[in-house]
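In: what's the 3D shape of this:
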Amino acid sequence: MIYRHVAASERAFVQQLAVGYVNHGYWYYVTGCIPEHKDVLKTDAKIIEKYDLAISRWARARRKKEGLANVHYLRHERFFVIIATRGLHGFFTEESNCIRDIRREPIHFAGYSISYSRGVDRKWHASVRIHPVEYNELKSYLVDMATCRSVNNMCDELARVPCEPYAPVRRQLLNILRAINRARQKAGFKPVPISALRLRRQIVRPFEKEEDWTSTEQERANVSQNVDGTFPERLQVFRSEARCADGHIALS
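Out: Next up, the predicted model:
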């Protein structure tokens, strides 16, 4: 059977990882970057065969009932994650020195920090937030310009924030907006309205490119599409560095 594992975009990767896997008990992971000299398709095939990933949902359900672990593989460009549920599986033997628990150590990818933690409702959820380093840089960047830009210009800047507004991200953006308006109030400027923030997340098809969507889906995506490169170079450098964070496995 065909095993779908190549995310069509960064936001598709984050959505599938957090909503499709982490929220369903996939907590033990390794991450890595496929070296430039290696063929990504051959590497994909090797990993899928090694861990017997191309099985049906019914087979996964049987494995779960028998106390065996299930494993998934997800890749965007050359960054990948192999993530598993609790139970018995060769994955835990093969990668015993590299496996991490997402409840304790978040996955860092494209400026996001992805984990599994208690929410404000005290229940456990997959959590997607802006990585603390990028969050602090973004906040400093926007607060610095808060007293030298018009309301319209600040609205434009906030509209270009390249982050999907998951619940933790929304709280981070609201904190930034409050900091912006505190600075503007001290300077005697009009506040930036909350409508400047995009607070509704665009749901995507994780394994399909956007040009393959229907016209209605494409129109919705265009409304919330964020183009990389709208922030200073320092933020874009972080985005590339975040792809290869610590905790990766080496491919031989």
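
In: Do me a favour and average the pLDDT over the lengthiest helix in the chain.
Out: Longest helix of the chain, by residue count under DSSP state H: helix 167-186. Mean pLDDT, helix 167-186: 96.

In: Dump the C-alpha coordinates for that helix into CSV.
Out: Presented in CSV, the C-alpha positions along helix 167-186 are these (Å, rounded to 0.1, in the frame of the first residue of the first chain):
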residue,chain,number,x,y,z
ALA,A,167,-4.2,28.4,20.6
PRO,A,168,-0.8,28.9,22.2
VAL,A,169,0.3,31.0,19.2
ARG,A,170,-2.8,33.2,19.6
ARG,A,171,-2.0,33.9,23.2
GLN,A,172,1.6,34.8,22.2
LEU,A,173,0.3,37.2,19.5
LEU,A,174,-2.1,38.8,21.9
ASN,A,175,0.7,39.3,24.4
ILE,A,176,2.7,41.0,21.6
LEU,A,177,-0.3,43.2,20.7
ARG,A,178,-0.6,44.3,24.4
ALA,A,179,3.1,45.2,24.5
ILE,A,180,2.7,47.1,21.3
ASN,A,181,-0.3,49.1,22.6
ARG,A,182,1.5,49.8,25.9
ALA,A,183,4.3,51.4,24.0
ARG,A,184,2.0,53.3,21.8
GLN,A,185,-0.1,54.5,24.8
LYS,A,186,3.0,55.9,26.5
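
In: Report how far apart the opening and closing residues of stretch 124-143 are.
Out: Start to finish, the residues bounding stretch 124-143 are 32 Å apart (C-alpha to C-alpha, to the nearest Å).

In: Give me the buried positions along it.
Out: 125-131, 134-135, 137-139, 142-143 (16 or more other C-beta atoms under 10 Å). C-beta coordinates here come from the backbone N, C-alpha and C atoms, glycine included.

In: pLDDT averaged over that stretch - what is it?
Out: The predicted model assigns stretch 124-143 a mean pLDDT of 94.

In: Having no further points to raise, I will conclude here.
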